[in-house]
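Undergrad: Need coordinates for the below:
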Amino acid sequence: MQNSFRGVYGVVASMASLIGCGETAIGAESDTSGEGIAVVGAVTVELASGLPSCSPERRGAVYFVKSEEQLYYCDTWRYRKLPLPTVSGSHGLCRVEPADLTACSNGGVAISTGVDRDRDGVLDANEVEASEHVCSGLDGADGADGADGSDGTDAVSWVIALEPAPVSECPAGGTTIQAGPDADRDGLPESIATSRTVCNGQPGAMGAPGEDALVERASVIAPGTECEFGGERRERGLDTNGNRELEDVEILPTLSVVVCFVPEANVAGAALELGGEFLRGSDLEAPSPRFLHYTLDFGTTGVDTGALSAQAQRALTPETATSVREAYAIDLLHASGGADLLALAGEIDFTDPAGARCDLTVEIQGREAAVVVSAANVPFDGITADYAARLWARSLDETRSALENLPATRAPDKGVLVIFVSDAIPAQILADAYQALPAAVRGDTIAIVVETLGADGQL
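TA: Here you go, the predicted structure:
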């Protein structure tokens, strides 16, 4: 390889003349608070013996050997020592970075030095006092091809034959594995070089009778002394009579729990009004739908995505109007039913990538739901009952299709449709239109209207 290193040792003299003779000792520390020059952009190693081998894959790499206070440059097959310039005074910086191809057509590094006047640990353009390029040499011509090697001996393949093991050796059956060379390549070994017999195990003893199946049931707890804002009782027990239903005498208190709903006063600073209607895990098991009407009042403060929970923040990359709605839907479902985010649409391998997609999946009290988040855009002439009915029919059908498009690895219990709508009158029209829908249109999807008030423009 030609050496167009631009004179590695010539760089020393060139840079010395540019920078001047400094008295300051050269140091490898990245701390620029004391005297010395800090090296930025080179990999630091303690000893030269710690340098990796120089190869074409590492060409252009620069290392700083701390014990020698010396820069090493990988020039394809060997290391070149580069001078570490000095800077008079304190807070000196030496920056090492790849050279521009216009300066080094075959690659190289640019070494810049100066005083870090603003003490930010970065050598800015206006702080550079001297710079120099160290270029890699041009690739040499390919050498002549070597002579062909002598032919090797033909390989002899081996084959494996499987035979049933003799009963005398394996009473419960088994397999004899034989292996040997197959010189004539007929698929059978000419001789058995190795043999091993693997026997089946003897049948085990009959196991003890298994436990009865575990069954459960859920019931709603009305607001009262047990749960101030209502809740859900989840009872479990063994189905001793085999009817697949949990009877009172089968309940195991140690496996039963009571979940009380705890309303949250706000979602990311917006006042939340649930109207006493909470989302329950049992809603995802019921064959019938459910309708909920919530209110989010942003007042004059407006939408504050920075106040959303950590799991809601996952939906904000990149932050768009759609992602903001999804993020608020995550925290709203958590406030109304304790929902935890499982996956966003971009994290799900849908069966049909071009088909209907849910926006996220959540877990609510041990049950999984596929959630579609939408917005009711108010037409110029306002929302009419007919417009609201068509919006519901389209959105509910999309939610059902999204549920069917999920991969087999995910099996949500039900779909949840969340529609954001600005102001009270359109929200009430949507609510009335839902109640008037035929049962076949509603299906079993949980429908939630979120009425937003105040400075809600970002939604």
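
Undergrad: Show me the shaky parts of the chain.
TA: Across the chain, residues meeting the criterion (pLDDT under 70) sit at 1-37, 85-90, 207-212, 229, 262-265, 380-381, 459.

Undergrad: Helices along that one, start to end?
TA: 8-19, 310-313, 321-337, 385-404, 424-435, 439-442 (DSSP state H).

Undergrad: Of these, which stretch is the most buried?
TA: Of all the helices of the chain, helix 321-337 carries the top mean neighbour count, a mean of 23, counting by mean count of other Cβ atoms under 10 Å. Glycine gets a C-beta too; all of them are placed from N, C-alpha and C.

Undergrad: Just give me how far that one sits from the chain centre.
TA: Taking the mean of its C-alpha atoms, helix 321-337 sits 20 Å from the chain's own mean (Cα atoms, centre = their mean, to the nearest Å).

Undergrad: on that earlier part again, export the helices of the chain to TSV and tack on distance to residue 363?
TA: Converted to TSV, the helices of the chain look like this (distance: least, Cβ to Cβ, whole Å):
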stretch	distance to residue 363
helix 8-19	63
helix 310-313	11
helix 321-337	10
helix 385-404	16
helix 424-435	25
helix 439-442	24
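
Undergrad: can you list the domains in this structure?
TA: Here the domain assignment for the chain is 8-135, 214-260, 266-453, based on automatic domain parsing.

Undergrad: what about the last one, start to end distance?
TA: Going back to what we said before, that points to domain 266-453. Distance across domain 266-453, first residue to last, is 13 Å (Cα to Cα, to the nearest Å).

Undergrad: Now do the same contact list for the residue nearest the centre of the chain.
TA: Taking Cα atoms, centre = their mean, the centroid of the chain lies closest to residue 347, which sits 7.6 Å from it. Counting by Cβ atoms under 8 Å, 6 or more residues apart in numbering, residue 347 touches no other residue.

Undergrad: before we move on, the earlier item: out of the domains of the chain, nearest to residue 146?
TA: Across the domains of the chain, residue 146 has its closest neighbour in domain 8-135 (19.2 Å, Cβ to Cβ).

Undergrad: so who does the residue lying closest to residue 173 once chain neighbours are set aside touch?
TA: In this structure, residue 173 finds its nearest non-sequential neighbour in residue 200, 4.7 Å apart by Cβ to Cβ, 6 or more residues apart in numbering. With contacts defined as Cβ under 8 Å, 6+ apart, the neighbours of residue 200 are 170, 172-174.

Undergrad: Backbone dihedrals for residue 200, both of them.
TA: With angles defined as degrees, to the nearest 10, residue 200 sits at phi -70, psi 150.

Undergrad: now swap in the one 4 residues further on and tell me
TA: Per-residue torsions, residue 204: phi -80, psi 170 (degrees, to the nearest 10).

Undergrad: Count the residues that sit near it.
TA: Residues within reach of residue 204, counting by other Cβ atoms under 10 Å, total 6.

Undergrad: Quick check: it vs residue 54, distance?
TA: According to Cβ to Cβ, to the nearest Å, residue 204 stands 63 Å off from residue 54.

Undergrad: picking that back up, is it possible to export the domains of the chain to a markdown table including distance to residue 144?
TA: A markdown table is the format used below for the domains of the chain (distance: least, Cβ to Cβ, whole Å):
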| stretch | distance to residue 144 |
| --- | --- |
| domain 8-135 | 19 |
| domain 214-260 | 78 |
| domain 266-453 | 53 |
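
Undergrad: Dump the C-alpha coordinates for stretch 295-310 into CSV.
TA: Written as CSV, here are the backbone C-alpha positions of stretch 295-310 (Å, rounded to 0.1, in the frame of the first residue of the first chain):
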residue,chain,number,x,y,z
THR,A,295,-65.9,14.4,30.9
LEU,A,296,-62.3,15.9,30.8
ASP,A,297,-62.2,19.7,31.5
PHE,A,298,-58.9,21.3,30.5
GLY,A,299,-59.9,24.7,31.8
THR,A,300,-57.6,27.5,30.6
THR,A,301,-54.4,25.6,31.2
GLY,A,302,-54.9,23.3,28.2
VAL,A,303,-53.4,20.0,27.3
ASP,A,304,-50.2,19.1,29.2
THR,A,305,-48.6,16.0,27.8
GLY,A,306,-45.7,16.3,30.2
ALA,A,307,-48.0,15.6,33.1
LEU,A,308,-49.1,12.2,31.6
SER,A,309,-48.1,9.0,33.2
ALA,A,310,-45.0,7.1,32.1
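
Undergrad: how about TSV for the contacts of residue 200, with neighbour count and distance to residue 353 added?
TA: Shown next, in TSV, are the contacts of residue 200 (neighbours: other Cβ atoms under 10 Å; distance: Cβ to Cβ, whole Å):
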residue	neighbour count	distance to residue 353
170	16	52
172	11	50
173	11	48
174	17	49
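
Undergrad: and residue 391, how far is that from residue 201?
TA: Here residue 391 is placed at a distance of 64 Å from residue 201 (Cβ to Cβ).

Undergrad: which residues touch residue 361?
TA: By Cβ under 8 Å, 6+ apart, the neighbours of residue 361 are 341-343, 348, 368-371, 406, 410, 412.

Undergrad: Excluding residues flanking it in the chain, which one is nearest it?
TA: Excluding its sequence neighbours, the residue lying closest to residue 361 (Cβ to Cβ, 6+ apart) is residue 342, at 4.4 Å.

Undergrad: Count residues in the vicinity of that neighbour, would you?
TA: Burial of residue 342 is recorded as 18 neighbouring residues (other Cβ under 10 Å).
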